[in-house]
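Mind folding the following:
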Amino acid sequence: MGLILAYILFILNLVWLIPVVYPIYFIKLIFKNSIRRKADSFLVKIGEIWIENNYRISKFLYGVKFEIISSDLDKLRYNGSYLIISNHQSWSDIYIIQSILNRKIPFIRFFIKDSLKYVPILGQAWSALDFPFVKRSKKEELKKNPELANRDLENVRSVCRKYIGKPFSILNFLEGHRRTPERIQKLIKKNPYKHLLRPHSGGISVVTTALHKELDGFIDLTIVYPKENSSFLELMSGKIRKLKVYLHYIPIDSVPFEQSEQFAPMSKNMKRWVDERWKFKDSILEQEKQNDVV
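Numbering: from 1, shown residues only. Next comes the predicted model:
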């Protein structure tokens, strides 16, 4: 019964966006300059209300609480610009990250496949809120035509340019996939981590190089679920009522990004840095596991 009520409330929180977002999005498409900026600002406020409502629903139904463990919260600014990296275990990761950082930093966006812009309601909401849509060639296409990789990279750079000159927050799951038991078993021989998947540094390197003049820094999040295979359904049904999120802020001057766009996708410096962050995250998760055992 509780799960059904939760879904009804979440759907209602989504449906109310239709009569509000669509007219403002239409105004945004027609006008430019100051009117467009006001429409953008209003759409962001709507997005923040939507995120806050989602968290209130979980808190009201189940008393859900996210504990932020950090000494860096006072370094974050609503008018700053950040790249966010995090471990990725379930679909609830985005919901958790949005909830804990809502209104502390600029509205959080993340890269979305271009085809998803046509999804009813959400697709138009993502477009209205300037989420970065990217086109990615399939592996089969890349094998036939390796040049498509350059086109994909240029597409990412082009998407990044829209954020120049204004505050932004972009979330990137460097592992590329959710950490599931099946995927862990499949990659066990190639994965050096106990509680994480191997991260990919090429994409975040390209984004960092493209936006480094705008960036204040990175926000590194480590989400600690009460058990390793916790799912989105468990969070939505109240089976997970408390979890921890470790937050570390890294100023952009401490990130070894490439100055040249040409070398960014293959940056060894960025790869080493990302690997070190993942070793640190893995140690946090291992320590939490040991604490639970004790």
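
low-confidence ranges in the protein?
1-2, 137-139, 141-143, 145-149, 178-189, 293-294 (pLDDT under 70).

all helices of it, in order?
Here the chain has its helices, by DSSP state H, at 2-15, 17-30, 33-62, 92-101, 122-128, 139-144, 148-161, 181-186, 202-211, 232-236, 268-293.

Go through the last one and flag the buried ones.
Along helix 268-293, the positions that meet the burial threshold by neighbour count (16 or more other CB atoms under 10 Å) are 270-271, 273-274, 277-278, 281-282, 284-285, 288. C-beta coordinates here come from the backbone N, C-alpha and C atoms, glycine included.

so it versus helix 202-211, what angle?
Orientation of helix 268-293 against helix 202-211 (axes from the mean of the first three to the mean of the last three CA atoms, to 10 degrees) gives an angle of 120 degrees.

Renumber starting at 32 from here on
All set: I'll call the first residue 32, so the last point we hit is now helix 299-324.

Does anything pack onto helix 299-324? Which helices or strands?
Here helix 299-324 touches helix 233-242, strand 248-255, strand 273-282, going by 3 or more CB pairs under 8 Å, 6 or more residues apart in numbering; DSSP states H and E.

Of the ones you listed, which is nearest Leu92?
strand 273-282 (14.2 Å; CB to CB).

neighbouring contacts of that closest one?
95-101, 103-104, 106-107, 127-128, 131, 247-257, 261, 312, 315, 319 (CB atoms under 8 Å, 6 or more residues apart in numbering).

before we move on, what about stretch 186-202?
Contacts to stretch 186-202, defined as CB under 8 Å, 6+ apart, come from residues 109-117, 125, 128, 132, 136-142, 161, 163-166, 234, 237-238, 241-242, 244-245, 250, 292.

okay, it in CSV with CA atoms only?
In CSV, the C-alpha atoms belonging to stretch 186-202 read as follows (Å, rounded to 0.1, in the frame of the first residue of the first chain):
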residue,chain,number,x,y,z
ASN,A,186,29.2,16.9,-30.1
VAL,A,187,30.1,16.9,-26.4
ARG,A,188,32.3,20.0,-26.8
SER,A,189,29.5,21.8,-28.6
VAL,A,190,27.0,20.9,-25.8
CYS,A,191,29.4,22.2,-23.2
ARG,A,192,29.7,25.6,-24.9
LYS,A,193,26.1,26.5,-24.0
TYR,A,194,27.2,26.7,-20.3
ILE,A,195,29.9,29.2,-20.8
GLY,A,196,29.2,32.5,-19.0
LYS,A,197,26.7,31.2,-16.5
PRO,A,198,26.7,29.0,-13.3
PHE,A,199,26.2,25.3,-13.9
SER,A,200,26.4,21.9,-12.2
ILE,A,201,26.9,18.8,-14.4
LEU,A,202,26.7,15.3,-13.0
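
excluding its backbone neighbours, what's nearest Tyr126?
Excluding the flanking residues, the one nearest Tyr126 by CB to CB, 6 or more residues apart in numbering is Asn85, at 6.4 Å.

Next, the contact list for that neighbour, please.
41, 44, 126, 129-130.

Please identify the buried residues of stretch 256-275?
Buried-residue list, stretch 256-275, by 16+ other CB under 10 Å: 256, 261-263, 265-268, 271, 274-275.

So which residue is smack in the middle of this protein?
Leu202 (2.9 Å; CA atoms, centre = their mean).

now that residue: how far from Phe164?
To Phe164, Leu202 is 15 Å away according to CB to CB, to the nearest Å.

just to revisit the earlier point, is the residue nearest to the centre of the chain bridged to anything, and to what?
In this entry, Leu202 is beta-bridged to Ile115, Phe141, by DSSP bridges.

how close does it get to Gln290?
Distance of Leu202 to Gln290, computed by CB to CB: 24 Å.

Same question for Val165.
The value you get for Val165 to Gln290, if CB to CB is used, is 23 Å.

The two: which is more packed in?
Val165 (15 against 9; other CB atoms under 10 Å).

now Ser268, nearest residue through space, not along the chain?
Distances taken as CB to CB, 6+ apart put Leu34 closest to Ser268, at 4.4 Å, once the chain neighbours are dropped.

Let me know how buried Leu153 is, in neighbour terms.
15.

End to end on stretch 155-163, go ahead and measure it.
End-to-end span of stretch 155-163 (CA to CA, to the nearest Å): 13 Å.

Hmm, I typed the wrong one, I wanted stretch 85-104.
Taking CA to CA as the measure, stretch 85-104 stretches 22 Å from start to finish.
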